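# how would this look folded up:
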Amino acid sequence: MADALRALIDAVGLQVGPGTEVRSDDEAWTLDVEPTGTHVWVATRSRSVWIRRGDDIAIVDAGTAALVEGHATITIGTGPERSGPPRVAETYAFPHEALFALTGVLLGAATLGPLADEVLALPPVATTGPPGAPSPDVGLALRHVGHLDGGRWHGAQQQALARLVVTTVLRDNPPPMLGDNGLARILDRLFDPAGPSSLQGILVGVRMSERTLERRCAAATGCSPAQLGRWYRSLAVRSALTRGDRPSDVATRFGFSTTSSRWRALERVRPPTTRR
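Residues are numbered from 1 along each chain as shown. This is a model prediction of the structure:
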């Protein structure tokens with residue numbers, strides 16, 4: 001079955017790195033974060049943490065996660081006031097004492113493609129929802145990551161679990177264009193590369209007239225179904241150009257006869273409304 005949100009994430013491009021657990025012998029700490037991707041993901045197993053991104057502040061409760069857009073100043077801490085950095089002893093009298101330094105707070109890097117703002121319209125700090133409620137998917141991922149700690153050849157699994165955390169945040173912060181649940185099946189088909197191209201085909205099995213579809217689509221996205229489909233198909237082309245691929249190669253790859261015809265097609269593209 002097609003999935004509009006997954007199609008949009010795939011069109012934007014998402015890379016997620018495995019997480020690292022914060023270790024600290026002190027109960028109170030503040031960690032300065034230097035993003036290595038476009039975003040930082042944070043998930044916490046059993047305690048609340050405070051995230052500051054410039055002037056933005058968010059509390060990430062136990063069992064939830066956040067995706068933080070890169071910024072010159074990002075901190076993660078155990079409280080609203082700044083504390084010292086996490087510290088751990090060089091050695092412990094007993095090996096099991098090192099376990100007490102595990103905070104249950106994991107963070108890692110995530111990178112979204114250059115069209116992420118246009119397509120996903122994420123807030124600077126996006127969190128799982130509803131606010132304060134533990135996320136079953138995040139909890140499951142964090143428990144499984146704990147079981148994999150210290151094992152051999154678990155890198156691919158840890159990365160997959162990190163991606164589950166990030167995509168859970170994205171699911172709980174869908175683009176505004178997906179806000180009308182009555183259009184869900186329509187948009188699933190519209191953003192399916194193998195789906196029907198005509199309005200009649202898109203409406204098969206859906207109790208909605210073409211006129212109603214046009215009206216509701218315009219209200220939810222600011223675009224007609226045809227405009228929305230054209231915009232979605234442009235994402236792969238524009239992403240390739242943004243990556244620096246040769247214009248002539250892009251034109252050939254996506255079925256344009258010339259670079260001029262490709263430019264003319266892109267000039268007709270109208271992005272959807274992204275207001276939250």
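# and L102, what does it touch?
By Cβ atoms under 8 Å, 6 or more residues apart in numbering, the residues touching L102 are E21, R23. To be clear about C-beta, it is placed using only N, CA and C from the backbone, and glycine gets the same treatment.
# pLDDT wise, what is it at?
Note for L102: predicted pLDDT of 90.
# who does T64 bridge with?
Beta bridges link T64 to T44, judged by DSSP bridges.
# wouldn't it be in contact with T128 here?
Yes: counting by Cβ atoms under 8 Å, T64 touches T128, with 4.7 Å between them.
# what residues do these two have in common as contacts?
S135, V138.
# Residue for residue, what is the longest strand this structure has?
When the chain is parsed with DSSP state E, its longest strand is strand 102-112.
# Keeping just the C-alphas, turn that strand into PDB.
Once non-C-alpha atoms are left out, strand 102-112 reads as follows in PDB (Å, rounded to 0.1, in the frame of the first residue of the first chain):
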ATOM      1  CA  LEU A 102      24.400   5.400  31.900                       C
ATOM      2  CA  THR A 103      21.800   8.100  31.600                       C
ATOM      3  CA  GLY A 104      19.400   6.500  29.200                       C
ATOM      4  CA  VAL A 105      19.700   9.600  27.000                       C
ATOM      5  CA  LEU A 106      20.800   8.800  23.400                       C
ATOM      6  CA  LEU A 107      21.600  11.300  20.600                       C
ATOM      7  CA  GLY A 108      22.800  11.000  17.100                       C
ATOM      8  CA  ALA A 109      23.000  12.800  13.700                       C
ATOM      9  CA  ALA A 110      20.300  12.900  11.100                       C
ATOM     10  CA  THR A 111      20.500  14.500   7.700                       C
ATOM     11  CA  LEU A 112      17.600  15.600   5.500                       C
END
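# In contact with the closest residue to V145 other than its chain neighbours: list those residues for me.
Spatial nearest neighbour of V145, chain neighbours left out: L161 (5.3 Å); criterion: Cβ to Cβ, 6 or more residues apart in numbering. By Cβ under 8 Å, 6+ apart, the residues touching L161 are P18, A141, H144, V145, L148.
# follow-up on the earlier one: give the pairing partners of the longest strand of the chain; include direction for each.
Partners of strand 102-112 in its sheet, by DSSP bridges: strand 14-16 (antiparallel), strand 20-23 (antiparallel), strand 39-44 (antiparallel).
# and R6, which of these is closest to it?
If you check each of the strands paired with strand 102-112 against R6 by Cβ to Cβ, strand 14-16 wins as the nearest, at 10.2 Å.
# So which bits of the closest one are buried?
L14, V16 (16 or more other Cβ atoms under 10 Å).
# Provide the count of other residues in contact range of P86.
20 (other Cβ atoms under 10 Å).
# so it, which of the three states?
coil (DSSP: H, G, I helix; E, B strand; the rest coil).
# quick one, what contacts the nearest residue in space to it that is not next to it in sequence?
Excluding its sequence neighbours, the residue lying closest to P86 (Cβ to Cβ, 6+ apart) is S24, at 3.5 Å. The neighbours of S24, taking Cβ under 8 Å, 6+ apart as the test, are P86, R87, V88, A101, T103.
# Can I get the buried part of those as one ChimeraX selection?
Buried residues within the contacts of S24, by 16+ other Cβ under 10 Å, are selected in ChimeraX with:
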select :86,101,103
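# can you redo the contacts of S24 as a markdown table with distance to D180?
Listed next are the contacts of S24 as a markdown table, based on distance: Cβ to Cβ, whole Å:
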| residue | distance to D180 |
| --- | --- |
| P86 | 44 |
| R87 | 50 |
| V88 | 50 |
| A101 | 48 |
| T103 | 41 |
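# got any ranges where the stretch 1-150 of the chain has weak pLDDT?
For the stretch 1-150 of the chain, applying pLDDT under 70 flags the ranges 1-2, 147-150.
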